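# quick one, fold the following:
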Amino acid sequence: MTGFTTLDLVVLVVYLAGVTAWGAWLGRGQTGGTDYFLGSRSLPWVAVMLSVVATETSTLTFLSVPGVSYMGSLVFLQLTFGYLAGRILVSTLLLPAYYAGSLTTAYELLERRFGLRARRFTSGIFMVTRLLADSVRLFATAIPLALITGWGYTTSIAVIGILTVVYTYFGGIKAVVWVDALQMSLYLFGAAVAIVAIEVVLPGGWSQVFADASAAGKTTVLDFSTDPTVTYTVFAGLIGGAVFTMASHGTDQLIVQRLLTCTDLRSAQKALIGSGAVVIGQFLLFLLVGLGLWAFYDGRAFDSSDAIFATFIVEELPPGVTGLLIAGVFAAAMSSLSSSINSLASATAYDYWAPMVGAVNDEARTLRAGKLFTLVWAGLLVAGACLFIPLSEGTSAVEVALGVASLVYGGLLGAFALGVLTKQPGEWAAIIGVGVGIGVVTLFKDAMAWPWYVLVGSTVTLVVGIVVGRFAPHERSP
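Numbers count the residues shown, from 1 in each chain. I've put the predicted structure just below:
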């Protein structure tokens with residue numbers, strides 16, 4: 001066991017200081033809200049693609065996914081097949097609608113179809129969901145920092161939050177996207193280092209890992225069970241994963257904002273579909289790390305599945321390498337948190353503040369307000385992560401965060417389906433449909449696994465919206 005050395009600390013501090021300074025520097029020359037929140041709609045699709053992947057899977061992938069395969073098998077990979085299918089559908093059905101006009105947030109599309117109340121209602125749902133789900137993500141990333149330093153979780157969370165908000169505040173979306181691209185490369189390198197380290201430290205290497213894992217039934221990828229309470233099956237992965245992705249990548253400002261920074265529709269489609277292919281490889285890599293850790297630790301029990309990989313990094317890797325991989329953990333945390341902060345601030349500025357104060361076209365005022373909202377949301381996310389501390393025992397952050405998001409994604413996806421696929425339902429029909437869809441999923445969530453939440457919620461929302469639309473007057477808010 002090597003522990004955390006002075007060299008590791010130097011590597012970590014140099015990396016964190018460098019990436020924070022670079023991110024802040026990238027924001028130079030900003031003059032308005034479009035620069036700050038949309039990167040002047042001029043970012044290259046490859047950088048956006050990497051940012052999408054880093055945003056949706058960073059912390060959870062690095063820490064939680066190895067724990068999922070450690071505790072189970074490779075069946076989690078089934079979700080990624082649906083993730084790719086969902087991206088193709090979003091690229092075909094929703095992205096053209098976003099690029100038909102110069103939209104600032106995902107929910108502006110609903111305002112154009114239904115009215116301002118619908119835009120604010122769905123944007124508010126996004127804000128609450130992101131706050132809850134990404135507070136869990138932030139807490140998960142505090143685990144290795146607490147393990148290394150001996151600090152409490154609260155202090156660890158605060159340190160991560162402060163470092164991230166510096167470059168997010170000054171750099172805006174441009175800094176978020178480019179730093180995401182860099183940090184994704186680092187944490188994938190960290191996973192590759194872990195793969196090599198396991199080959200070295202285990203007497204039989206990866207051949208022995210696969211032999212033992214196969215004998216224990218841990219190399220199973222496909223599960224054809226039709227039981228709706230089984231979380232990872234072929235049907236839940238392809239159908240539930242695809243519908244989940246249509247919601248998360250087609251209606252969630254966290255991802256849509258990045259796609260709106262591309263130069264044109266074609267670039268946004270390449271970024272989105274390309275990210276699906278990258279995600280499959282990324283999930284496979286980290287699931288394999290989990291199998292290797294299972295073999296290394298001989299399946300021993302841990303207090304939290306999210307602490308397994310962090311323990312290996314700190315205790316088993318040589319000096320310098322440990323610091324680099326812990327930097328990868330921080331990279332994962334910062335990319336995810338910065339994306340959340342910036343998207344929440346943009347939704348607040350464009351969906352609520354600007355229409356209320358008459359600053360829809362005032363770029364300078366939107367920039368100033370956006371920076372203020374950046375600080376507010378950073379504080380709320382840090383506070384939310386601290387509140388999760390007492391609830392964390394025995395949980396997997398990846399499944400908690402996905403479950404929280406899935407409860408409401410169906411309602412959001414159903415609202416967009418009403419807006420794109422129907423003509424008659426009005427604003428109140430959409431709002432009522434979303435409320436009923438979320439309510440039904442919340443009420444019956446224990447009767448099904450979380451990958452089915454979005455399909456059920458969106459179907460209920462669409463049906464209720466159509467039915468109510470036949471009776472409610474077609475009125476819209478100004």
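# hey, let's count contacts and neighbours off CA atoms from now on
Will do.
# just confirm Val230 is within a helix.
No - counting by DSSP: H, G, I helix; E, B strand; the rest coil, Val230 is located in no helix; its state is coil.
# that one contacts Ala447, doesn't it?
No - applying Cα atoms under 8 Å, one finds Val230 not in contact with Ala447, separated by 10.1 Å.
# for these two, indicate the residue with more neighbours.
More crowded of Val230 and Ala447, by other Cα atoms under 10 Å: Val230, with 14 against 10.
# so the more buried one versus Val65, what's the distance?
18 Å (Cα to Cα, to the nearest Å).
# and what of Ala383?
25 Å.
# which of those two has more residues huddled nearby?
Val65 (31 against 17).
# what pLDDT does that one get?
pLDDT recorded at Val65 is 87.
# again, but for the one 4 residues further on
According to the prediction, Ser69 has pLDDT 92.
# ok, it - contacts?
Phe76, Lys218, Leu287, Leu288, Gly290, Leu291 (Cα atoms under 8 Å, 6 or more residues apart in numbering).
# want to throw these into CSV with distance to Thr442?
Conversion of these to CSV gives the following (distance: Cα to Cα, whole Å):
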residue, distance to Thr442
Phe76, 23
Lys218, 32
Leu287, 30
Leu288, 33
Gly290, 31
Leu291, 33
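# assign the nearest residue to Gly250 once chain neighbours are set aside to helix, strand or coil.
Nearest-residue entry for Gly250: Val90, 5.7 Å, with adjacent residues in sequence omitted and distances by Cα to Cα, 6 or more residues apart in numbering. At Val90, secondary structure determined by three-state DSSP is helix.
# and Val90, what does it touch?
Met246, His249, Gly250.
# so which of these are in helices?
Members of the contacts of Val90 lying in helices (criterion: DSSP state H): Met246, His249, Gly250.
# and those residues, which is closest to Ser305?
Nearest to Ser305 among the ones in helices among the contacts of Val90, counting by Cα to Cα, is His249 at 27.2 Å.
# what about that closest one, distance to Gln183?
In terms of Cα to Cα, His249 sits 21 Å off from Gln183.
# and for Leu344?
21 Å.
# ditto for Gly152
25 Å.
# give me the more crowded residue out of these two.
Gln183 (26 against 13).
# the more buried one contacts Ala331, correct?
Yes - the pair Gln183 / Ala331 is scored as a contact, 4.9 Å apart, by Cα under 8 Å.
# coming back round to it: helices - which of the contacts of Ser69 land there?
Among those, the members falling in helices are Leu287, Leu288, Gly290, Leu291 (criterion: DSSP H).
# need the pLDDT of the second one.
Model confidence at Leu288, given as pLDDT, is 95.
# excluding chain neighbours, give the residue nearest to Thr459 in space.
Gly414 (6.6 Å).
# in the stretch 51-200 of the chain, what residue spans correspond to strands?
Using DSSP state E, counting those that start in this stretch, the stretch 51-200 of the chain contains no strands.
# if you skip the residues just before and after it, what's nearest to Ala383?
Ser135 (7.9 Å).
# how near is the one you found to Gly172?
20 Å.
# turn the contacts of Val90 into CSV, including distance to Leu455, pLDDT and neighbour count.
Shown next, in CSV, are those (distance: Cα to Cα, whole Å; pLDDT from 0 to 100; neighbours: other Cα atoms under 10 Å):
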residue, distance to Leu455, pLDDT, neighbour count
Met246, 10, 92, 28
His249, 15, 92, 27
Gly250, 14, 90, 26
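# got the residues you listed as TSV, with distance to Gly457 columns?
Shown next, in TSV, are these (distance: Cα to Cα, whole Å):
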residue	distance to Gly457
Met246	13
His249	16
Gly250	15
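# which of those residues sits closest to Val19?
The nearest one, if we look at the contacts of Val90 relative to Val19 and count by Cα to Cα, is His249, at 26.7 Å.
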